[in-house]
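Student: sequence below, structure please.
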Amino acid sequence: AAEAEMSVCGMGEDKELKIIRTARMELSTRQFDADYEAILARVASLGGRVQNTSLYNSQGSLRSVYLSLRIPAGQFDQAIASFKGVGRLVSFNESADDVSERYYDTASRLNTQRLKMERLQDLLAKAQSVEDLIAIESAITDTQLIIDQLTGSLQGMDSRVRDATLDLTLNELSPSETAQNQEETLSERIAGGMRAALEGFKLLMGDLIVFLAVALPYLIVLAVIVLLIRIVIKRRKKQ
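Tutor: Numbering: from 1, shown residues only. As a prediction, this is how the structure comes out:
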């Protein structure tokens, strides 16, 4: 039982570190199709694979694609550097999770359960009563379940350590966004300013019309009240 609780610190200094690396990257591009194909080709050349793909169309038929990529850990830095050169980098973040202690603790627990299984199988072969057979078979079933769970956990960590994960989003730029990345002339800036001012004036007039439509009944009532008050005041003065 003591072996099952041993951590990586108690199992020697020669254990290989188990690091799970993940990264997120967002890119924008004016050449969506070409850059998308370039990314897929680069993934294949590095020995990676596309784990998941989601393609979206936004307003104006602009496209965005989300890719969950698995890249061999030894090629991960090269892949990141390569993808940063595609289109324009919008955002990037990376994390590294050291799961060494959890990995080797799980491996130790798995070894303990396998030894337990061997002892149970020896007992099963020597059992002489039905009650003993039922109890041992039940223990074997429970132990096998634990072995399967621990094995799956180790295989999952092995997979994530061996192949790092990159979540990459590629967004297609609209013509207006493309134009913003280019230098504008003085006349273009003036024309743009006039268009913005005209749009602002239209919005202001629209808001004013809405306000008058809503407030008009109240203004009429207020005007009638003011008129009645003035009439009453004039009559009192005459008296």
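Student: phi first, then psi, for residue 29.
Tutor: Backbone torsions of residue 29, given as degrees, to the nearest 10, read phi -150, psi 150.
Student: distance-wise, check it relative to residue 172.
Tutor: 6 Å (Cβ to Cβ, to the nearest Å). (Each C-beta comes from the backbone N, C-alpha and C, glycine too.)
Student: neighbour count winner among these two?
Tutor: Per other Cβ atoms under 10 Å, whichever of residue 29 and residue 172 has more neighbours is residue 172, with 23 against 20.
Student: low-confidence bits of this protein, can you list those?
Tutor: 1-14, 59-60, 175-203, 238-239 (pLDDT under 70).
Student: so which bits of the host helix or strand of residue 107 are buried?
Tutor: Assigned by DSSP states H and E, residue 107 belongs to helix 100-126. For helix 100-126, burial by neighbour count (16 or more other Cβ atoms under 10 Å) applies to 100, 102-110, 112-113, 116-117, 120.
Student: same thing with stretch 217-236?
Tutor: Under 16+ other Cβ under 10 Å, stretch 217-236 has no buried positions.
Student: do the same with stretch 38-49
Tutor: Residues 38, 39, 42, 43, 46, 48 are the ones in stretch 38-49 that count as buried (16+ other Cβ under 10 Å).
Student: circling back: let me know the closest of the buried residues of helix 100-126 to residue 204.
Tutor: Closest approach between the buried residues of helix 100-126 and residue 204, by Cβ to Cβ: residue 102, at 62.0 Å.
Student: not counting sequence-adjacent ones, nearest residue to the closest one?
Tutor: Counting by Cβ to Cβ, 6 or more residues apart in numbering, residue 102 lies nearest to residue 157, which is 7.4 Å off, once chain neighbours are set aside.
Student: I'd guessed the one you found sits against residue 20; true?
Tutor: Yes - with contact defined as Cβ atoms under 8 Å, residue 157 counts as touching residue 20 (7.3 Å).
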